[in-house]
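S.K.: Sequence and computational prediction follow.
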Amino acid sequence: MKRRNVIWGSAVLLIATLFIVYKTGVFDYKPNIKSSAAVLMDMNTGHIWMDVNGDASMPPASMSKMMTELIVLDRISEGKSRWEERVPISLYASSVGGVTLSLYHGETYTVRELFQGIAVYSANDAAVALAEHIAGSENSFVVMMNNKARSLGLSPRSSFANASGLSGKDLGPNRPPGYVTGETMLTAKDAARLAMALIHTHPEVLNTSSLTQMKLTGKGLYVSNMNSMLPEMGGAYAYEGNDGLKTGFDSRTGYCFAGTAHRDGQRLVAVVMGAKTNQERFEETAKLFDYGFYLSMSWESRVKHILYKL
């Protein structure tokens, strides 16, 4: 009799739980994303778990530097460039706007230092200097960027106009004659695909993107990572498993972030474009990560998760 009561009690509890789950819709919940566009991708399968205006083309700002990083790493892996090569800083590179390492015309730095300047601090002058060093000119580097975009299967709605992601008006007065006109544009879906290609092809990029700071030896300059979600940063937006990837800001679009996180064998890529504040882009990314890792749970784990939340 006692055993029967336990069974019936358990059945009633299960039915009540499932009713609550059904009524609240928590099994099927999707986070309410405030940004203009957002995409959540499962890197293990390439499946897109969430798509908010993912095909809308907009200025991605420094998120486009993921393509610059990809090409640099391709060159290193092919033996066409070396990490300790010295790179001269041109007048043009020294005069670009936005976030910079304050590189001066005539100085030289290693490929490694400039790459870290891009991946950690999103430095525009470092991006231009590397582009000129690799391709002879930024124009030629832009051709490489767009050719790579097509080979990766990025959509025609995404195109690159420079190595930094800066708008034309922020490129400074010293860009060489005959430069490519137009603006860099990227969709959230293509940003996610680019991030996935970068990590798949060169997983070592995460060793750099996860650094909390980098040092520019010649200047004795230390700069901190722009990614506030790194656990080692220890701030309000630190997220377990995050180890990259690229922030961006453009006055036309707002705050952007292409982030990645890894837990229990699963890696996610989340892209947020058009957040209103620096903080909001990380908050929205955390929502996407939470949702992606929730979907990877077993049915039993989801029930436990739901009951904990309730």
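M.R.: Sure thing, it's come through.

S.K.: all strands of the protein, in order?
M.R.: Assigned by DSSP state E, the chain shows strands spanning 37-42, 48-52, 57-58, 86-88, 108-110, 186-187, 213-216, 221-224, 242-250, 254-263, 266-275.

S.K.: Check what contacts the second one and list those residues.
M.R.: The list of residues contacting strand 48-52 from outside it, by C-beta atoms under 8 Å, 6 or more residues apart in numbering, reads 30-31, 33, 35, 37-42, 54, 188-189, 192, 288, 291-292, 295. C-beta here means a position set from N, CA and C on the backbone, and glycine is covered the same way.

S.K.: Of those residues, grab the buried ones for ChimeraX.
M.R.: To isolate the buried ones among the contacts of strand 48-52 in ChimeraX, judged by 16 or more other C-beta atoms under 10 Å, type:
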select :31,33,35,37,38,39,40,41,42,54,188,189,192,288,291,292
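
S.K.: What distance do you get for residue 230 to residue 255?
M.R.: Distance of residue 230 to residue 255, given as C-beta to C-beta, to the nearest Å: 17 Å.

S.K.: give me the beta-bridge partners of the residue nearest the centre of the chain?
M.R.: Residue closest to the mean C-alpha point of the chain, counted by C-alpha atoms, centre = their mean, is residue 258 at 2.2 Å. Under DSSP bridges, the beta-bridge partners of residue 258 are residue 246, residue 271.

S.K.: Would you mind confirming that it is in contact with residue 195?
M.R.: Yes. With contacts counted by C-beta atoms under 8 Å, residue 258 reaches residue 195, the gap being 4.8 Å.

S.K.: Give the residues shared as contacts by the two.
M.R.: Contacts common to residue 258 and residue 195, judged by C-beta under 8 Å, 6+ apart, are 66, 245-246, 269, 271.

S.K.: for those, which one is nearest residue 100?
M.R.: Using C-beta to C-beta, residue 246 comes nearest to residue 100 of those, at 16.5 Å.

S.K.: and the closest one, how far is that from residue 49?
M.R.: With the distance defined as C-beta to C-beta, residue 246 ends up 20 Å from residue 49.

S.K.: Give me the more crowded residue out of these two.
M.R.: Using other C-beta atoms under 10 Å as the criterion, residue 246 and residue 49 rank with residue 246 on top: 30 against 18.

S.K.: Can you get me a residue count around the residue nearest to residue 194 when sequence neighbours are not counted?
M.R.: With C-beta to C-beta, 6 or more residues apart in numbering as the criterion, residue 194 has its nearest non-adjacent residue at 5.1 Å, and that residue is residue 66. Neighbour count for residue 66, taken as other C-beta under 10 Å: 26.

S.K.: Same question for residue 220.
M.R.: 7.

S.K.: now residue 176
M.R.: By other C-beta under 10 Å, neighbour count at residue 176 equals 12.

S.K.: tell me the pLDDT at it?
M.R.: Note on residue 176: pLDDT of 86.

S.K.: Residue 217 too?
M.R.: As predicted, residue 217 sits at a pLDDT of 83.

S.K.: List the contacts of it.
M.R.: residue 113.
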